[in-house]
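J.: This is the structure alone, sequence omitted:
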């Protein structure tokens with residue numbers, strides 16, 4: 001049999017190896033001498049994909065999920081602190097440090113649960129709410145979308161045979177950096193919402209931008225949701241508590257997935273091979289510095305010479321200058337695009353503007369987008385791309401929220417790097433849990 005040292009069998013998170021990946025060693029029919037410590041994993045039938053690992057093909061990933069769901073906490077490497085659960089003071093402080101604009105605070109005392117709502121209505125009334133918005137599974141789609149506004153003083157029991165969402169508006173405010181939040185109206189509204197909803201609060205950020213608050217964008221806009229968003233006031237970033245979706249990279253399209261969004265949970269990304277794309281750096285763009293150059297534009301890409309001419313003058317770019325003589329800013333413009341600046345195509349001879357301005361994506365995004373769509377063009381472009389480790393997750397496959405989780409001192413990345421040869425530290429009951437700084441009586 002092929003000898004596979006235990007060091008090759010990492011803790012089950014890295015991709016499984018094919019037969020050809022093993023080092024070239026002689027075949028053996030048996031182990032000679034004492035058998036080293038081994039971990040046997042039963043492997044069920046599965047359809048291998050790029051996301052298949054030893055952990056996902058066995059029961060190891062399920063064990064890790066149980067461990068992190070039971071004991072995991074988000075942790076900030078930058079601050080060196082564990083991130084506390086959401087609260088009125090943390091949300092108010094975070095908003096007034098990092099956000100400027102309009103917000104609406106909602107208490108959500110019931111979310112898709114079967115209840116008559118009587119006790120909830122009484123609690124909302126005691127806290128000064130006058131009305132609530134109700135959505136039920138039995139509502140027609142149009143009614144469910146907008147909800148039904150109900151006066152709490154005239155509350156009638158809901159059907160316990162259907163699930164309901166009950167929300168109450170705690171107020172709308174304009175937030176600005178104003179220092180202390182201890183006596184602010186926003187803090188008071190959040191206090192009331194957390195008390196009314198037993199901790200489930202939504203904060204709509206009406207003026208948020210994708211560039212600043214990408215982590216908060218969802219189906220209904222930009223929102224802080226206390227079920228899934230934990231914050232440290234001193235950091236703009238948003239953290240997440242452990243759950244089954246965050247502890248999985250196999251469903252990257254799920255809103256709560258723990259897959260790295262850059263590599264979709266594979267740990268690998270395609271990048272443009274500039275040495276293959278730019279074969280003649282001593283030539284200008286108009287002279288054919290790029291290998292995809294043809295008489296009208298660039299093969300397989302929707303980039304014409306008139307568009308390149310339209311870039312003239314931006315960031316020091318000239319299509320008549322040798323590529324190697326252009327500035328780094330000009331290289332970035334051509335390769336990565338013009339951003340929000342609109343580019344007007346220009347006739348190469350007359351300089352006349354052609355049509356309206358449009359965004360220029362850049363050669364790198366254009367090539368990768370064409371590759372992602374498949375087909376004959378993608379097949380011909382494959383010589384211009386290479387596979388490389390994802391820089392966002394360092395090949396770990398996990399999103400930054402998943403990588404922030406800790407059980408004691410151990411995170412998912414650190415756990416993945418522990419080889420089986422060192423697993424005796426974790427196989428020993430006493431030493432393992434002392435190392436994680438967890439109570440041995442709280443083992444899952």
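T.: Structure's in. What do you need? This is a predicted model, so every value here is computed, not measured.
J.: Pairing partners for residue 386 in the sheet, please.
T.: Beta-bridge partners of residue 386, counted by DSSP bridges, are residue 271.
J.: Quick check: it vs residue 275, distance?
T.: Distance from residue 386 to residue 275, counting by Cβ to Cβ, to the nearest Å: 9 Å. Using the backbone N, CA and C atoms, a C-beta is placed for each residue, glycine as well.
J.: Where does the prediction get shaky in the chain?
T.: In the prediction, the chain carries residues with pLDDT under 70 at positions 1-59, 177-183, 419-444.
J.: Residue 386 and residue 275: which has the busier surroundings?
T.: residue 386 (14 against 10; other Cβ atoms under 10 Å).
J.: Check the gap between the more buried one and residue 268 for me.
T.: The spacing between residue 386 and residue 268, counted by Cβ to Cβ, is 10 Å.
J.: Likewise for residue 219?
T.: For residue 219, the distance to residue 268 equals 29 Å [Cβ to Cβ].
J.: Which stretches in the stretch 151-300 of the chain count as strands?
T.: In chain order, the stretch 151-300 of the chain shows strands spanning 163-175, 201-205, 217-218, 221-225, 230-231, 238-239, 268-272, with DSSP state E, counting those that start in this stretch as the criterion.
J.: Of residue 219 and residue 268, give the one with the bigger neighbour count.
T.: Set side by side, residue 219 and residue 268 show unequal neighbour counts under other Cβ under 10 Å, the larger going to residue 268 at 15 against 6.
J.: Any figure for the gap between the more buried one and residue 373?
T.: Computed as Cβ to Cβ, the residue 268 to residue 373 distance reads 19 Å.
J.: Give the burial count for residue 91, as a bare number.
T.: Counted with other Cβ under 10 Å, residues neighbouring residue 91 total 26.
J.: Please verify my assumption that it contacts residue 190.
T.: Yes. Applying Cβ atoms under 8 Å, one finds residue 91 in contact with residue 190, separated by 5.5 Å.
J.: before we move on, back to that, most tightly packed of the strands of the stretch 151-300 of the chain?
T.: Among these, strand 230-231 has the highest mean neighbour count (mean count of other Cβ atoms under 10 Å), at a mean of 24.
J.: Counting by contacts, list what that one packs against.
T.: Using 3 or more Cβ pairs under 8 Å, 6 or more residues apart in numbering; DSSP states H and E as the contact criterion, the secondary-structure elements in contact with strand 230-231 are helix 88-98, strand 238-239.
J.: Report the strands that pair with it, each with its relative direction.
T.: Within its sheet, strand 230-231 is paired with strand 238-239 (antiparallel), according to DSSP bridges.
J.: can you list contacts of the partner strand?
T.: Taking contacts as Cβ atoms under 8 Å, 6 or more residues apart in numbering, the residues outside strand 238-239 that touch it are 74, 76, 83, 215-216, 224, 229-232, 401, 404.
J.: could you flag which of those are buried?
T.: 74, 76, 83, 215-216, 224, 229-232, 401, 404 (16 or more other Cβ atoms under 10 Å).
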